[in-house]
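In: Just to be clear, the model below is a prediction. Sequence and coordinates:
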Amino acid sequence: MKIHLKHYLVGLCAVALPAMAQTLLPQPQQVEWKKGNFNWQKPYRLECRQTVAETSAPVQQWLPAKAVTAETKRVVILEKGNPAWNDEAYQLYVSADTVKVCAKNEAGFIAARATLAQLTADGQQTRAVMISDSPAYRYRGAMLDVSRHFYPIEFVKKQVDLLARYKFNRLHLHLTDAAGWRMEIKRYPRLTELAAWRTDSLWKTWWDGERKYVEEGTPGAYGGYYTQRELRDLVDYALERGITIIPEIEMPAHSEEVLTAYPCLSCTHEPYKQADFCPGSISTYDFLENVLKEVMDVFPSAYIHVGGDEAAKASWPTCPRCQAKMKELGTTDVNDLQTHLIAHMGRFLKSHGRTLIGWDEVIDGNLEKGTTVMVWRGLENATRAAAHGYDVILSPGAYCYIDAYQDSPADQPEAMGAYLPLKKVYSFVPGENLSPAHRAHIVGVQANLWTEHVPSAAHAEYMMWPRLLAISEIGWNGTKYKDYDEFHQRAVNETQYLRANGVNAFDLKKEKGDRVQSAIKHKAVGATVIWNKKYHRSYPGNGPTTLTDGKLGGWNYGDKPWLGFLGKDCFDVTIDLGKVQSISEVGADFLQCTGPWIYFPGTFTISASEDGKTYKTLFEKKNPDKNFPYYKTEWWSWKGKAKARYIRLQGDPVVHGGWIFVDEIIVK
Ligand code: ACM
Ligand code: ZN
C-alpha cells in the first residue's frame, strides 16, 4: 500500500479559512463529538503502523522538521484498518494529543483526509471527534461536458480538488460531441485540426447558425482540445485525490464533428450531413477501436464510456452498407445495428480488460457481463437494465441534470429548461421504486453538467456548486436519513467556504426558491372544461380539472398544476360557466421555457358566447418573439364588460412543433 502522505497533510494545511461553523459534508455514517482540539501548530510525532510504515520515508522528506519529534507525547497515527472493511471505509479519532486514522487502503485514507480537512477549517485546529465512516455507493460521479464549451485543464483540476473534498470518486468527461472533439488522437489528427474548432464561441449561436467547423489557427476560431500529455497529467492528479477520470467517446450518434473531419465514416460520405457513424462499414469499427486504444492508453479507468444515446439512425435504412449488415445479422430493424455496434465495442473493451458504460439506450443489446448502464431518462430504465443483469449508475434528468435552473429562472442566466434547485436534487432516493434484487444492481449516482448554455468556466462552477453537494451527500451518506433543513444549513456553510475560496458557487443564502402562488378564487373554479383539443398524455397535470381548480404551478413545468399541449393550434378549450353571467376579465397563465420548446402562444384568442353557437371575439394577441424570455410565466388576459356562459381560449405555439403550458384559466 502506498499512501501519499504528502498530499494528506498538504491538503490539511491548504484550508486556511475564515472562521465559520463546523461542517461535515457529506455527513459521515457515525460521528461522536468530543471536547477539545488537536493543534497542528504544536510539535507532534508521526507514527505509521503496520504496512502503512512503508510510506514513512517520503513523509520524512517533506514534513516540517519541528513538527516531527520523538520527544512529544502528541502523536499522529496512521494504522491499517480491518481487511474486511469497504475499500473507502475509515475511522478517525481526534483528541487534544492524538490523531488516529485507520483505513484498509489508500482510498480509505483519502476519504479520511477529506474529512480531516473539513474538520480543520482554520488550517490549525482539528476538533476532537470519533468518526466511523464508509460510503453508501461505490460510484459517486460528476460529468462535465467539455464539448459544447471547452474549459482549460487547470479548471478541470480545480474541480477535481473540489470533488475530492466532497468524496466523489469519478469525474466523467464528455470529450466528444457535435460541438467539438476535445482529445488529441495521434492516429487521426483531423479530429483536433478541424473537429475541435468552430466558428462561434457561444454554442447557441453556432447551433442556431450554420454549425461550421474551421481549421485550427483560423482567426476567431473557438474551441480547443486536451493533449494526451495534459490528460495523463490530469489522470495522475485526480488519482492522487481518489478520483478516476472516465472518458466518454460518443458513438454511434452525436458525432457530426467526426463525420465532417472523416466523412468516409458516415453512410453518405458527405461532410456536414450526418450525425451517426455508419454501422455497416468496417472503417467505422476500425476507427472506433483505434480511437479507444489511444483512449485506454491515456485513461487507466476500468470504465470507458461510449455514449450510445439519441441516435436518429437517419441514413441507416437507405445505406447499402447498413442494409447489407442488417442482412448479415438477420434483422429488419435498424435498432439492431446500434445494438451490434455497442456490443462489438463492449467485447473490444473487455478484451482489453475494461468495462463499457453507455447511456440507457444501450440496454437492449446482449451486452457483456459487467456492462454498466448510466440511466438518464425515466427511472423505469433502471429496472430494465437491472433485469438484464447490468450494473446501473443513476443520473436521471429529473434529479441529476444540473444544466437546469437552480433558482427562480426569471433571475438566472439562460439554462437548459427545467427547474432543479438543491432541494430537488437532495430529494432523490436512488432505487426507491426498485425491488431489492434490482436495487442491488445500483452501483452509484452521478450528476451531469451539459454545457450548451454554459459558455465559461466560471459559469460551469456556478452550475455545479452547490448542487453537487446534494449528490455527494446521497452518494456517500445514502438516503436512510433525510432532513433537508439540516442538510441545507451544512450546504450554506460549504457554499460560503467555496465562495470564500475562489469558487464561483451560486450563493445559496440568496436563493429565492420556487414560484409559490396561493390558490385563487374566480368564477371558473369548478367549471366544466370542453376539450376542443386534448392536452398531451405526457403532461396531464391533475387531469380534466387542472385549468379550473384555482391552483397555479411552480417553476417546474412537470409539476401537476401545469398542463401541456403540443403542436399546431394545440391549445383550444371552452369553459362552460353553467349559466350566462356578467364577466369582466378572462385570462390564462402561460409558461415559456425555451429549452424544452415550451412557448407562449404565437397567436392567442379569447371569445365568448351565451348559447355556445355564436361567439364574439373579446381578445386577440400576436407574439412574434420565440427566443425571449427563456423562462417566465405570464398572465395574458382580456378586461372589459360582457355576458357569457361559454368562453373559448385558443392558442398556437410561437414555434411550429412546440408546446403550450397553462396552469389556470381565470374568469372574473
Ligand atoms: C443524454 O442526456 N443525452 C445522455
Ligand atoms: Zn451506413
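Out: Received, thanks. Just so we're clear, the structure is a prediction, and the values are computed from it rather than from any experiment. Numbers count the residues shown, from 1 in each chain. Ligands and ions are numbered 1, 2, ... in the order given.

In: Leaving out the residues flanking it, which one is nearest to the residue nearest the centre of the chain?
Out: The centroid of the chain falls nearest to N448 when counting by C-alpha atoms, centre = their mean (1.9 Å). Counting by C-beta to C-beta, 6 or more residues apart in numbering, N448 lies nearest to M143, which is 4.1 Å off, once chain neighbours are set aside. Backbone N, C-alpha and C define where each C-beta goes, glycine included.

In: So what does the one you found have for phi and psi?
Out: Main-chain torsions, M143, degrees, to the nearest 10: phi -110, psi 130.

In: pLDDT wise, what is it at?
Out: Turning to M143, the model gives it a pLDDT of 98.

In: Same question for the one 10 residues further on.
Out: Here, the pLDDT recorded for I153 equals 98.

In: where's the nearest residue to it once chain neighbours are set aside, which helix or strand?
Out: Once flanking residues are discounted, I153 sits nearest to E230: 4.9 Å by C-beta to C-beta, 6+ apart. Using DSSP states H and E, E230 maps to helix 228-240.

In: same check, this time on L349
Out: In this structure, L349 sits in helix 335-351 according to DSSP H and E.

In: who touches the very next helix or strand once past the helix holding E230?
Out: Using DSSP H and E, the helix or strand that follows helix 228-240 towards the C-terminus is strand 244-251. Contact partners of strand 244-251, identified using C-beta atoms under 8 Å, 6 or more residues apart in numbering, comprise 141, 143, 169-177, 183, 231, 234-235, 238, 277, 288, 291-292, 295, 298-309, 341-342, 345, 357.

In: Give me the buried subset of the residues you listed.
Out: Neighbour-count burial (16 or more other C-beta atoms under 10 Å) applied to the contacts of strand 244-251 gives 141, 143, 169-177, 183, 231, 234-235, 238, 277, 288, 291-292, 295, 298-299, 301, 303-309, 341-342, 345, 357.

In: show me which of those residues neighbour ligand 1.
Out: By C-beta under 6 Å from any ligand atom, the members of the buried ones among the contacts of strand 244-251 lying near ligand 1 are D309.

In: Among the buried ones among the contacts of strand 244-251, which are located in strands?
Out: Per DSSP state E, strands hold the following members of these: 141, 143, 170-174, 303-307, 357.

In: with the residues you listed in mind, which one is nearest to ligand 1?
Out: Distance to ligand 1 across these (C-beta to the nearest ligand atom) is lowest for G307, with 7.7 Å.

In: Name whatever forms a beta bridge with the closest one.
Out: M251 (DSSP bridges).

In: doesn't H254 make contact with it?
Out: Yes. Using C-beta atoms under 8 Å, G307 is in contact with H254, at 6.1 Å.

In: any residues in contact with both of those two?
Out: Common neighbours of G307 and H254 (criterion: C-beta under 8 Å, 6+ apart): T176.

In: Which helix or strand contains G640?
Out: Here G640 sits within strand 631-653, counting by DSSP H and E.

In: For that strand, list every residue counted as buried.
Out: Under the neighbour-count criterion of 16+ other C-beta under 10 Å, strand 631-653 has 631, 633, 636-638, 642, 644-653 buried.

In: same thing with stretch 180-197?
Out: With burial defined by 16+ other C-beta under 10 Å, the residues of stretch 180-197 counted as buried are 180-185, 188, 190-197.

In: quick one: which of the residues you listed is nearest N542?
Out: Relative to N542, the closest of the buried residues of stretch 180-197 is G180; by C-beta to C-beta it sits at 43.3 Å.

In: can you pull the contacts of the closest one?
Out: 147-148, 150, 195-198, 223-225, 257.

In: Filter those down to the ones in helices?
Out: Counting by DSSP state H, the contacts of G180 place E257 in helices.

In: In strands, which of the contacts of G180 appear?
Out: In strands, judged by DSSP E, the following of the contacts of G180 are found: 197-198, 223.

In: out of those residues, which one sits closest to ligand 2?
Out: R198 (25.5 Å; C-beta to the ion).

In: wait, that closest one sits on A179?
Out: Yes. Assessed by C-beta under 8 Å, R198 is found in contact with A179 at 6.8 Å.

In: what sits in contact with each of these two?
Out: Common neighbours of R198 and A179, counting by C-beta under 8 Å, 6+ apart, are W206.

In: Pipe the ones in strands among the contacts of G180 into TSV and attach distance to ligand 2 per row.
Out: Shown next, in TSV, are the ones in strands among the contacts of G180 (distance: C-beta to the ion, whole Å):
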residue	distance to ligand 2
W197	27
R198	25
G223	28
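
In: From the opening residue of stretch 201-215 to its closing one, how far?
Out: With C-alpha to C-alpha, to the nearest Å as the measure, stretch 201-215 spans 14 Å from end to end.

In: before we move on, the earlier item: I'd like the mean pLDDT over the helix holding L349, please.
Out: Averaged over helix 335-351, pLDDT sits at 96.

In: And the pLDDT for the residue lying closest to S456 once chain neighbours are set aside?
Out: In space, and not counting its chain neighbours, S456 is closest to H149: 7.4 Å by C-beta to C-beta, 6+ apart. On pLDDT, H149 comes in at 98.

In: where's H149 relative to ligand 2, distance?
Out: As for H149, its distance to ligand 2 is 31 Å (criterion: C-beta to the ion, to the nearest Å).

In: burial measure for that residue, as a count.
Out: 23 (other C-beta atoms under 10 Å).

In: show me the contacts for it.
Out: Taking C-beta under 8 Å, 6+ apart as the contact definition, H149 lies against 179, 203, 451, 454-456, 460.

In: Among these, which are located in strands?
Out: The members of the contacts of H149 all map outside strands under DSSP E.

In: Mark which of those residues are buried, thanks.
Out: When the contacts of H149 are checked for burial by 16+ other C-beta under 10 Å, the buried set is 179, 203, 451, 454-455, 460.

In: now the protein, which segments are flagged as low pLDDT?
Out: By pLDDT under 70, the low-scoring segments of the chain are 1-22, 50-70.

In: Can you pull the residues of it lying near ligand 2?
Out: For the chain, the residues in contact with ligand 2 (C-beta under 5 Å from the ion) are 267, 278, 280, 319, 321-322.

In: so G657, which of the three states?
Out: For G657, the assignment made with DSSP: H, G, I helix; E, B strand; the rest coil gives coil.
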